[in-house]
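Student: pasting the sequence and the predicted model now:
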Amino acid sequence: MKKIAFLIYYHKQNFYSLNAIAGALETDNIFDDLDFYFLNSHEELFKTLKDIIKSYYKIIVAISFFTTQLFEIRELIDRLRHKFQKKCILIAGGSHPTGDPTGTLQIGFDIAVIGEGEETIIELVNRLANNEKISDIRGIAYNIEYNKYKYTKKRALIDLNKYPPFPIKNTRFGAIEITRGCPYVCYFCQTPYILGTTPRHRSIETICKYVQVLKDYYGDLTDIRFITPNAFSYGSEDGKTLKIDKLDKLLSQIRSIIGENAKIFLGTFPSEVRPEHVNQDTLNLVLKYGNNDNITIGAQSGSQKILDLCHRGHTIEDIYRAVDLTLENHLKINVDFIFGLPGENDEDIELTIEMMKKISNKGARIHAHSFIPLPQTPFSREPTKKINREYRKEIENLISKGLAFGNWRTQERLAAKITKIYRNKKSTERIH
């Protein structure tokens with residue numbers, strides 16, 4: 001009988017976070033006792049469990065998810081428990097389990113990892129492998145008996161340089177996280193509440209080490225993408241004052257490693273940039289080093305009142321300036337908007353529609369979202385409402401012209417369901 005199977009259930013939205021967990025486990029001696037399984041669908045997960053359930057001393061299933069995936073994951077866990085009872089240990093991580101550990105355990109998980117998972121997962125898997133207590137592991141919540149849960153102490157934030165952004169031995173490559181933490185504390189966003197408000201950057205030397213790994217594996221087909229709350233803030237001590245020289249140095253060294261035929265993507269998926277950080281210097285870096293023909297900025301609203309209520313930290317003028325300057329530099333621009341933000345009235349809606357019309361007429365493309373209350377954010381208890389008819393009319397008009405896109409309809413339905421669940425539930429309370 002082999003020792004431990006570690007199953008990672010990939011979802012297209014959670015690929016990067018689980019890559020970081022698998023990469024962390026590769027840095028510890030426990031890696032030698034683990035057989036990894038990387039699974040991309042419910043069907044693969046159930047088939048693999050059925051095939052291996054009797055072959056391992058322990059089976060751990062790791063699942064990371066967002067609040068928008070809550071209903072899908074809840075159904076999955078119900079099926080897993082029905083099929084395999086307690087034959088595997090179900091561990092949850094990611095933004096939703098961090099924001100609502102109680103609810104995560106109540107849908108059937110055994111353990112919720114809260115906050116950053118690299119150090120926690122190493123300690124947790126070692127303890128589970130040796131049948132040792134987990135009660136003093138920082139940064140987890142777990143079941144102690146029926147309807148009773150324990151939350152351990154908060155874990156300190158990690159040094160990104162100590163861990164790889166993806167598993168190298170298992171060759172599951174992806175984007176490189178270069179910065180963690182965001183100082184802006186937008187009231188609808190979980191990032192600063194989970195990852196802190198002080199930016200932490202991987203060093204240029206460390207980033208380039210993993211760029212070389214990708215180059216050695218993919219050759220001229222290498223694509224370099226970055227994970228960061230703000231693609232232009234690399235090297236900034238406060239995340240607000242840009243350090244163009246440091247970002248330039250990073251990009252220059254990456255280009256020297258991958259050569260001219262491979263590609264760098266800066267300011268586009270899976271990260272974006274803040275509108276006030278779009279200036280000629282930052283766009284010059286995209287033009288000099290990047291292979292993307294577009295960038296994505298977060299506007300969120302065309303009303304300064306709503307931007308201020310959301311604690312966005314930029315102005316309406318910053319948005320218009322970013323759009324104009326980007327287009328003047330012959331780059332395309334995608335602009336994020338969130339419909340139905342708390343405090344929004346008819347005047348704010350009119351201002352947002354006016355902005356969408358103006359910038360789309362100039363050539364910007366609108367990325368439409370619906371507000372979703374996320375646990376542990378200041379807006380977590382704010383009620384959601386049906387998207388205004390004028391919003392619907394305008395966004396559908398823009399979509400028909402190829403000037404807008406987004407899953408705002410699906411998000412609107414999810415928001416209503418999430419609000420209903422949490423209306424009478426103190427989802428952001430700490431548990432003991």
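Tutor: Good, I have the coordinates. The structure presented is a predicted model; accordingly, all values stated were derived computationally and were not measured.
Student: off-centre distance for whichever strand or helix holds T104?
Tutor: Taking DSSP states H and E as the criterion, T104 maps to helix 101-106. Here helix 101-106 is found 20 Å from its chain centre; the criterion is CA atoms, centre = their mean, to the nearest Å.
Student: elements contacting that helix?
Tutor: Judged by 3 or more CB pairs under 8 Å, 6 or more residues apart in numbering; DSSP states H and E, helix 101-106 is in contact with strand 111-113, strand 140-145, strand 148-151. From N, CA and C alone the C-beta is placed, and that goes for glycine too.
Student: report the buried residues of stretch 278-293.
Tutor: If you call a residue buried by 16 or more other CB atoms under 10 Å, then stretch 278-293 has these buried ones: 278, 282-283, 285-286, 289-290, 292.
Student: where in this structure is pLDDT low?
Tutor: Where the chain drops to pLDDT under 70, the residues are 1, 424-432.
Student: would you map out the domains in it?
Tutor: As assigned by automatic domain parsing, the chain contains the domains 2-151, 175-291, 293-424.
Student: mind putting those domains into a markdown table with distance to I168?
Tutor: Output for the domains of the chain, formatted as a markdown table (distance: least, CB to CB, whole Å):
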| stretch | distance to I168 |
| --- | --- |
| domain 2-151 | 6 |
| domain 175-291 | 6 |
| domain 293-424 | 29 |
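Student: how about those domains, which one is nearest P164?
Tutor: For those, proximity to P164 was assessed by CB to CB; domain 2-151 is nearest, at 3.9 Å.
Student: how long is the closest one end to end?
Tutor: Domain 2-151 has its terminal residues 31 Å apart, counting by CA to CA, to the nearest Å.
Student: coming back round to it: of the buried residues of stretch 278-293, which belong to helices?
Tutor: 282-283, 285-286, 289 (DSSP state H).
Student: and the gap between F188 and Q376?
Tutor: 12 Å (CB to CB, to the nearest Å).
Student: neighbour-wise, which of the two wins?
Tutor: Applying other CB atoms under 10 Å to F188 and Q376 shows that F188 carries more neighbours, namely 21 against 18.
Student: S233 versus that one, what's the distance?
Tutor: The gap separating F188 from S233 is 19 Å, by CB to CB.
Student: F166: which of the domains of the chain is closest?
Tutor: Taking CB to CB, domain 2-151 is the member of the domains of the chain nearest to F166, at 4.1 Å.
Student: next one: that closest one to chain centre, how far?
Tutor: Relative to the chain's own centre, domain 2-151 is displaced by 18 Å; criterion: CA atoms, centre = their mean.
Student: and of the helices and strands packed on helix 101-106, who's closest to E237?
Tutor: The closest of the helices and strands packed on helix 101-106 to E237 is strand 111-113. By CB to CB, the value is 28.5 Å.
Student: helix or strand right after the closest one?
Tutor: Where DSSP H and E defines the elements, the next helix or strand beyond strand 111-113 is helix 118-129.
Student: secondary structure class for the nearest residue to Y37 once chain neighbours are set aside?
Tutor: Distances taken as CB to CB, 6 or more residues apart in numbering put L7 closest to Y37, at 4.6 Å, once the chain neighbours are dropped. Classification of L7 using DSSP: H, G, I helix; E, B strand; the rest coil returns strand.
Student: am I right that L7 is in contact with I63?
Tutor: No. Contact between L7 and I63 fails when scored by CB atoms under 8 Å: they sit 9.0 Å apart.
Student: identify each buried residue in the longest helix seen in the chain, please.
Tutor: Using DSSP H, we find that the single longest helix of the chain is helix 346-362. By neighbour count on 16+ other CB under 10 Å, the buried set for helix 346-362 is 348-349, 351-353, 355-357, 359-360.
Student: can I get those in JSON lines including distance to G406?
Tutor: JSON lines is the format used below for those (distance: CB to CB, whole Å):
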{"residue": "D348", "distance to G406": "19"}
{"residue": "I349", "distance to G406": "17"}
{"residue": "L351", "distance to G406": "19"}
{"residue": "T352", "distance to G406": "14"}
{"residue": "I353", "distance to G406": "15"}
{"residue": "M355", "distance to G406": "16"}
{"residue": "M356", "distance to G406": "12"}
{"residue": "K357", "distance to G406": "16"}
{"residue": "I359", "distance to G406": "15"}
{"residue": "S360", "distance to G406": "13"}
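Student: moving C-terminal from whichever strand or helix holds E44, which element do we reach first?
Tutor: If you go by DSSP H and E, E44 is part of helix 42-52. Counting by DSSP H and E, the next helix or strand C-terminal to helix 42-52 is strand 56-64.
Student: what's the next secondary structure element after that following strand?
Tutor: For strand 56-64, the succeeding helix or strand toward the C-terminus, using DSSP H and E, is helix 70-84.
Student: which SS class is A299?
Tutor: Look at A299: counting by three-state DSSP, its state is strand.
Student: with S236 instead?
Tutor: coil.
Student: count of residues packed around it?
Tutor: 20.
Student: so how far is F226 from it?
Tutor: Computed as CB to CB, the S236 to F226 distance reads 14 Å.
Student: ditto for I134
Tutor: Computed with CB to CB, the distance linking I134 and F226 is 34 Å.
Student: who has more neighbours out of those two?
Tutor: Counted by other CB under 10 Å, I134 and F226 do not tie: F226 has more neighbours, with 25 against 15.
Student: and the nearest residue to the more buried one once chain neighbours are set aside, what does it touch?
Tutor: Counting by CB to CB, 6+ apart, F226 lies nearest to I178, which is 5.1 Å off, once chain neighbours are set aside. Listed by CB atoms under 8 Å, 6 or more residues apart in numbering, the contact set of I178 reads 201-202, 207, 226-228, 234, 250.
Student: and if you look at E237?
Tutor: Contact analysis of E237 by CB under 8 Å, 6+ apart lists 199, 243.
Student: what about it, distance to C189?
Tutor: Distance of E237 to C189, computed by CB to CB: 21 Å.
Student: just the strands in the stretch 251-400 of the chain please.
Tutor: Remark: strands assigned in the stretch 251-400 of the chain by DSSP state E, counting those that start in this stretch are 263-265, 294-300, 332-339, 365-370.
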